[in-house]
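1. Coordinates only, no sequence provided:
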């Protein structure tokens, strides 16, 4: 199956220009009406929360097809929030035209977010160091999938596996309450992107308003998704309890 790629910023809502004829399987359903933009059921659509902004640094989000099918996927949400981001679905991006075009862009310097013994640790770098090392040309590729799938995606993508790696130690536990993380301090893709933007928000001792807005937007959309999912699960639980109670009504046995 061909990879599916998109560039943000096609409309005020950050709609995408799909660079592939491959159908967007995650965003169709025979049972539920799905939003074509955010890929979620229309009754829990998040588009009214999304107000796209450009980011510094830029991001390329590489989502595994299995991850893309999940309603709780955050990679596509992050892409819709950032007008200068790139979004691709696939496993092997070696021959991906969109990815290779970005990698070849002389205006950008690519890095991949992935823990490695040689990875540069953003969490121990000062703001001055971050700007000196990365600067405005930085392009961070975020691998959006399970640990096993993410490792496979990098190993199979010859154009990505040798990129300089960056990592960070999350300052707090993930707020992804509706999904169990593989390790205590693992972040979702959208949380990771918000963290990196926040680390870039201080330059020359001054906090840049735009970067603060970008990080806040990502976390606002993310927390709205989490809250809506918790509410849906609670409603299902109450509905199930009501159904069980109805089916177990006890009647008095009439005297004979």
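-> Nice, I can see it. From a predicted model like this one, the values you see are computed outputs, not experimental measurements. Residues are numbered from 1 along each chain as shown.

2. And the strands in this structure?
-> 4-7, 17-18, 58-63, 86-89, 109-113, 120-121, 138-144, 165-167, 202-203, 206-207 (DSSP state E).

3. Quick check: which of these is nearest to residue 128?
-> For these, distance to residue 128 was read as C-beta to C-beta. The smallest value, 8.6 Å, belongs to strand 202-203. In this view, the C-beta of every residue, glycine as well, is placed from N, C-alpha and C.

4. Could you tell me how many residues sit around residue 121?
-> By the criterion of other C-beta atoms under 10 Å, residue 121 has 11 neighbours.

5. gap between it and residue 230?
-> From residue 121 across to residue 230, the span is 33 Å (C-beta to C-beta, to the nearest Å).

6. How about residue 158?
-> Residue 158 sits 41 Å away from residue 230, taking C-beta to C-beta as the criterion.

7. Check residue 89 too.
-> Using C-beta to C-beta, one gets 27 Å for the distance from residue 89 to residue 230.

8. Comparing those two, which residue is more hemmed in?
-> Higher neighbour count among residue 89 and residue 230: residue 89, with 28 against 12, using other C-beta under 10 Å.

9. In contact with that one, which residues?
-> 3-5, 63-65, 68 (C-beta atoms under 8 Å, 6 or more residues apart in numbering).

10. next one: residue 210
-> Residue 210 makes contact with 53, 56 under the criterion C-beta under 8 Å, 6+ apart.

11. mind listing the helices for this structure?
-> 65-68, 75-81, 97-103, 127-133, 147-156, 189-199, 209-247 (DSSP state H).

12. which one of those has the most crowded surroundings?
-> helix 75-81 (a mean of 27; mean count of other C-beta atoms under 10 Å).
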